[in-house]
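Participant: predicted structure and sequence below. I'll ask about it afterward.
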Number of protein chains: 2
Amino acid sequence: MLRLSTDKPDFEAKFARLVNDRRESVSDVASTVADILARVRARGDEAVAEYTARFDKYTLADDGDWRITATQCRDAYDALEPALRDALELAAARIRAYHEDQLPKDRDFTDAAGVRLGARWGAVDAAGLYVPGGRASYPSSLLMNAIPAKVAGVRRLVVTTPTPKGESNPLVLAAAHVAGVDEIWRIGGAQAIAALAYGTKQIAPVDVITGPGNDYVAEAKRQLFGVVGIDMVAGPSEILVIADGQNDPDWIAADLLSQAEHDPAAQSILITDDARFGEQVEDRVDVQCSMLSTEKSARASWDKHGVIIVVKDLAEAPALANRLAAEHVELAVDDPEPLFNQLRHAGSVFLGRHTPEAIGDYVAGPNHVLPTGRRARFSSGLSVLDFMKRTSFIQMDPQSLATIGPAAIALAQAEGLPAHAKSVELRLS
Amino acid sequence: MLRLSTDKPDFEAKFARLVNDRRESVSDVASTVADILARVRARGDEAVAEYTARFDKYTLADDGDWRITATQCRDAYDALEPALRDALELAAARIRAYHEDQLPKDRDFTDAAGVRLGARWGAVDAAGLYVPGGRASYPSSLLMNAIPAKVAGVRRLVVTTPTPKGESNPLVLAAAHVAGVDEIWRIGGAQAIAALAYGTKQIAPVDVITGPGNDYVAEAKRQLFGVVGIDMVAGPSEILVIADGQNDPDWIAADLLSQAEHDPAAQSILITDDARFGEQVEDRVDVQCSMLSTEKSARASWDKHGVIIVVKDLAEAPALANRLAAEHVELAVDDPEPLFNQLRHAGSVFLGRHTPEAIGDYVAGPNHVLPTGRRARFSSGLSVLDFMKRTSFIQMDPQSLATIGPAAIALAQAEGLPAHAKSVELRLS
C-alpha cells in the first residue's frame, strides 16, 4: 500500500508514476490468437469444436450439445430462491429504464438555404455477448450487456460462454432468461469471438461483440475491430474515493475492498484531507479483509496497488482525479456538487456518503461496463449507442443546389476531382 | 464492369459474392508498424526524425522545422483566390452548424425510488488529426475532422501531416486556419500516430486520433486502439445509386464516376428497374470517363468494381442495399421517402434527383467521413461524439438505499463478492 501526501516534495514524481502505471497483463498472445481466428474462419464449426475439446474439455457433438436452450434458462430462473429472483428482476427493470431514457433522437430539418438535413438512428441486426466461464461469470454483467442491446432494438442477441466440462452458471442462465437472450452457445475463448465475427455453418455472424474476457478474448476482439464493432478494451477495475474526515472509516474501507476483491490487479485509491481518517481507513481495510472469502484477491490488490493520498484541502482532489481518470469515483462528502463540477474524466461518479459503488454494479440503473486504465479520458461506459448506428441524410432541390452547389464545384476542382464537380455542374445547367 | 439482373437464376450467388468481396489491401504491415511504434515510444523525437528523414526525405532540425506555424496557415488562406476562400468558409460554416446541432444533452433526474441518476458529456482534452500527404491531402477532410472536434469542445487540436521534401498543400493549411487547428507537425506515417498516442518531448500526447491514412497509418491506429480512442478503420470509397429510368443518364454517370475517380479500389454500383436506362448510363460513364483528368483511377475502378444491377421493381432495391450497407446511397427517384424508410444500413443517404453525392463531400454539412466496407451495419459517420465521452452518476440517500440496497446485497452475495455486499449493508444498519 502506497501512502502519498501532496505536501511532500516528491509527491509529483510519485503521483506521475501512479498515473502512468499500467496494471495490465502484457502477455503476448497476438500470434496465437491470429492463428485461432484464421483456423475458425477457414474451417468453421470443426475448428471451434477442436478448440473447445482442447481448452474447455467439452465435446460438442453434432446434435443439440452446442447450445443451452431457452427452456434450460427458464428452468434455471424458476429454480432461483424468490429473493434472488426478485433482485434480478429489480436490477433488470432499473437497468432497462435507465437505458431506455438513453435512446438517441432522430433529426430532420430544413435549413435557411432550403437544404433538408438530418440523421436517423437504428440498431445493428445482431449482437454477440461474451460471458466468461468460471469465477468471472457474473449474471450482473450479462444484464448490463444484454439489456442495452435489447433496448437499442437488436433483433438477434447471441451469447457465447465456455462451459468447462459441461458446467454452466445457473445464475447466468437465469439472467439470460430475464434479459431475453435469443441464443446461447457453449463456446469460449478466441474461437468464440471468431465464430461470432465470421460466422460458421451453425452460428450466423453478428455485427457487434461486447463483454469481458481473458487476454485471448480481448486480443481476438482487438484483431477483429473493423470486421465487427467492439466495445472498449477492459482492464482491471478501479475505484477512487474522495472523502473528508466525517465518514465512517468502515464504510470507506468496504468501498475500497469492493474493488480490490475483484482481482489482484484491481486498484483502490483514497484521497482525503484528514491524515488521521486515512489511517483509520487503513486499519479497517486490514480488519475487514481478513473476514472476506475473497481475502486473497483483496489483500493482494490492496498491498500492491492500494493508495492513500493525503491532501491539504479537498479542493486539490479534482485535478488529481482528472489525471487518474478512474473507472469509479466516489465523492463521500456532504455536498458533492462542487467537486463533481470539476471532475472531467471519470467513468461513473457516486455522489455523497450514501452511494456505495456496489449499488452501481447491480441495481442503480447506469451501466457497470465502464472505461478502465485512464480510458475515461476518451471513452464512455457501455450504452445503447454501442448497439446502434446513425445514417445521415441530405435532400436538395434545384434552388438549394443553386445556392450551395457552386462552392462544392470550386472545392472539388481545387482538390483535383473533376467528376465530383461535374455531378453538380450538370444539375445546375 | 459487372452486369447483374435479379431475374437471372445465378443472381443470388453472384450478389452474395459482391457483398462478401473485400476490396481492401491485405498488405501485412503489422510487424513493421509494431516496430515503429516501439521505437517512437522508447526514443521519442529522435526516432520520429529518423523515420521522417528516411520515408519523407525531410530533415527535422532542432529549431522550428518541426512545425507549420499559424502564420503560415493564415498566409496560405490570404493567398487563396476569393471564390475558393468563400467556398471554404461556406463549407466550414455549414459543417459547423450541422455538428453543433449534434451536441448531446446531459441527463439529470430523480426516479420513483428517489435515486438521482444521470450522465454528463464532456470533450476529450486533446485530439490528433492525421492528414495524408500527396494526392489524398484534401482540405475538405481537414474541415470534416477538425470542426467536429472543435464543436465538441476539444481544447487542443493537433494535426500531423507528412511534408515530403518539405512540400505541403497550401489548401490544407488554409483549411487549418479556417478550422482553428492549434498545432501542425510535419510528420506522417506510423511514426506520427505513435508520437500522438505516446507523446514525445516536443509533442504532448492526445486522447483521440482520427483521419485517413495509408496502410501503415491505419494499422498504427488499430494497434493503439485502447491507448487512445480512434475512429473507424476506413476502406475504399463506395456509392450505391438507386435510380428509375426517369433520370438523365449523364447525371447518374457523373455520380458513379465521382466515387470511381477517388481510387482504383473504389466501387460504384447502380440499381435500376430500367435495363435500357442502365445501358445508357454505362455508355455515358464511358464517354465522361475519357474527359476526366482522373480517368486512370476512374476507369480502373469502374472496370474492376463497377456494377449495374437490373431489378424487376425498385421495391427490390432496399433489401439489396441493406446487404451492401454502402457508404453513400443515392435515391434518384421523385419520391425517395418510401425507399428511404426501408433502408437500414447506409452511411449517408442522398434523397431525390437533385442531391448528387459530391454535395455531401463538401458543403451540405453532415460529415463525409463515413463507414465503408459494409461497416454501416454497425458504425456511423464521424461526429462530435467521437471527440466526447460520458460520465454517468448516481446519488442515493438513506431512504432510497433502503429501497434498492437489499437487492444489491442479494446479487453481490450470489456472485461471491462479500465486500460489495458489506459496503451496502454497513450503510443500511
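Facilitator: Sure thing, it's come through.

Participant: confirm that A:L270 sits in a helix.
Facilitator: No. Secondary structure of A:L270 (DSSP: H, G, I helix; E, B strand; the rest coil): strand, not part of a helix.

Participant: from what I can see it touches A:V307, true?
Facilitator: Yes. The criterion here is Cβ atoms under 8 Å, and A:L270 meets it with A:V307 at 7.2 Å. Every C-beta, even on glycine, is put in place using the N, C-alpha and C of the backbone.

Participant: of these two, which one has the most company?
Facilitator: Counted by other Cβ atoms under 10 Å in any protein chain shown, A:L270 and A:V307 do not tie: A:L270 has more neighbours, with 25 against 20.

Participant: need the contact partners of the top helix by length along chain A.
Facilitator: Secondary structure assigned by DSSP state H gives helix A:82-100 as the longest helix of chain A. Residues outside helix A:82-100 that contact it (Cβ atoms under 8 Å, 6 or more residues apart in numbering or on different chains) are A:77, A:80, A:139-140, A:143-144, A:147-148, A:151, A:171, A:174-175, A:178-179, A:362-367, A:383-384, B:111, B:113, B:117, B:404, B:406-408, B:410-411, B:414.

Participant: tell me which of these fall in helices.
Facilitator: In helices, judged by DSSP H, the following of the contacts of helix A:82-100 are found: A:77, A:139-140, A:143-144, A:147-148, A:151, A:171, A:174-175, A:178-179, A:362, B:404, B:406-408, B:410-411, B:414.

Participant: just the buried ones from those?
Facilitator: For the ones in helices among the contacts of helix A:82-100, a burial check counting by 16 or more other Cβ atoms under 10 Å in any protein chain shown picks out A:77, A:139-140, A:143-144, A:147-148, A:151, A:171, A:174-175, A:178-179, A:362, B:404, B:406-408, B:410-411, B:414.

Participant: residues from the stretch 51-200 of chain A in reach of chain B?
Facilitator: Proximity of the stretch 51-200 of chain A to chain B is confined to A:83-84, A:86-88, A:90-91, A:94, A:97-98, A:101-102, A:104, A:107, A:109, A:111, A:113, A:115-117, A:119, A:122, A:124-125, A:135, A:138-140, A:171 under the rule Cβ under 8 Å from any Cβ of the partner chain.

Participant: just the buried ones among the residues you listed, please.
Facilitator: By neighbour count, with 16+ other Cβ under 10 Å, these hold A:84, A:87-88, A:90-91, A:94, A:97-98, A:101-102, A:104, A:107, A:111, A:113, A:115-117, A:119, A:122, A:124-125, A:138-140, A:171 as buried.

Participant: A:M232 and A:L143, how far apart?
Facilitator: In this view, A:M232 and A:L143 are 19 Å apart by Cβ to Cβ, to the nearest Å.

Participant: backbone dihedrals for the most centrally placed residue in chain A, both of them.
Facilitator: Centroid-nearest residue in chain A, with Cα atoms, centre = their mean: A:V369, separated by 3.0 Å. Main-chain torsions, A:V369, degrees, to the nearest 10: phi -90, psi 110.

Participant: go on, A:R344?
Facilitator: The phi/psi pair for A:R344 (degrees, to the nearest 10) is phi -110, psi -30.

Participant: wait, isn't it in contact with A:R323?
Facilitator: No. The criterion here is Cβ under 8 Å, and A:R344 misses it with A:R323 at 10.2 Å.

Participant: okay, the two: which has more neighbours?
Facilitator: Of the pair A:R344 and A:R323, A:R344 is the one with more neighbours under other Cβ under 10 Å, namely 19 against 16.

Participant: can you name the residues that contact the more buried one?
Facilitator: A:322, B:122, B:125.

Participant: what's next to the helix or strand of chain A with the lowest mean pLDDT, contact-wise?
Facilitator: When each helix and strand of chain A is scored by mean pLDDT, DSSP states H and E, helix A:215-224 comes last, with a mean of 91. The contact list for helix A:215-224 (Cβ under 8 Å, 6+ apart) reads A:25, A:27, A:29-30, A:32-34, A:36-37, A:130, A:132, A:188-190, A:192-194, A:197, A:209, A:213, A:230-231, A:233-234, B:222, B:225-226.

Participant: is it fair to say A:A326 lies in a helix?
Facilitator: No. Secondary structure assignment (three-state DSSP) places A:A326 in coil, not in a helix.

Participant: could you find the closest non-adjacent residue to it?
Facilitator: In space, and not counting its chain neighbours, A:A326 is closest to A:L240: 4.0 Å by Cβ to Cβ, 6 or more residues apart in numbering or on different chains.

Participant: wait, that neighbour touches A:R323, no?
Facilitator: No. The criterion here is Cβ under 8 Å, and A:L240 misses it with A:R323 at 10.6 Å.

Participant: sort out for me which of the contacts of A:R344 are in strands.
Facilitator: Residues from the contacts of A:R344 lying in strands, with DSSP state E as the criterion: B:G122.

Participant: tabulate the contacts of A:R344 (TSV), appending pLDDT.
Facilitator: Converted to TSV, these look like this (pLDDT from 0 to 100):
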residue	pLDDT
A:N322	98
B:G122	98
B:D125	98
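
Participant: and the contacts of A:R344 as TSV, adding distance to B:L339?
Facilitator: Below are the contacts of A:R344 laid out as TSV (distance: Cβ to Cβ, whole Å):
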residue	distance to B:L339
A:N322	48
B:G122	39
B:D125	43
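
Participant: from the contacts of A:R344, pick the one nearest A:M396.
Facilitator: Nearest to A:M396 among the contacts of A:R344: B:G122, at 35.0 Å, using Cβ to Cβ.

Participant: quick check: closest non-adjacent residue to that closest one.
Facilitator: Nearest one to B:G122, counting by Cβ to Cβ, 6+ apart, is A:R344 at 5.4 Å.

Participant: just the pLDDT at the one you found, thanks.
Facilitator: Looking at A:R344, its pLDDT reads 97.

Participant: same check, this time on the one 10 residues further on
Facilitator: With respect to pLDDT, A:H354 has a value of 98.

Participant: checking it next. Helix, strand or coil?
Facilitator: For A:H354, the secondary structure call by three-state DSSP comes out as coil.

Participant: would you confirm that it contacts B:R427?
Facilitator: Yes. Contact criterion Cβ under 8 Å: A:H354 and B:R427 qualify, at 5.9 Å.

Participant: mutual contacts of those two, please.
Facilitator: Listed contacts common to A:H354 and B:R427 are B:398, B:401; contacts here mean Cβ under 8 Å, 6+ apart.

Participant: give me the below-cutoff pLDDT ranges for chain A.
Facilitator: A:23-27, A:63-64, A:135 (pLDDT under 70).

Participant: cool, thanks, talk later.
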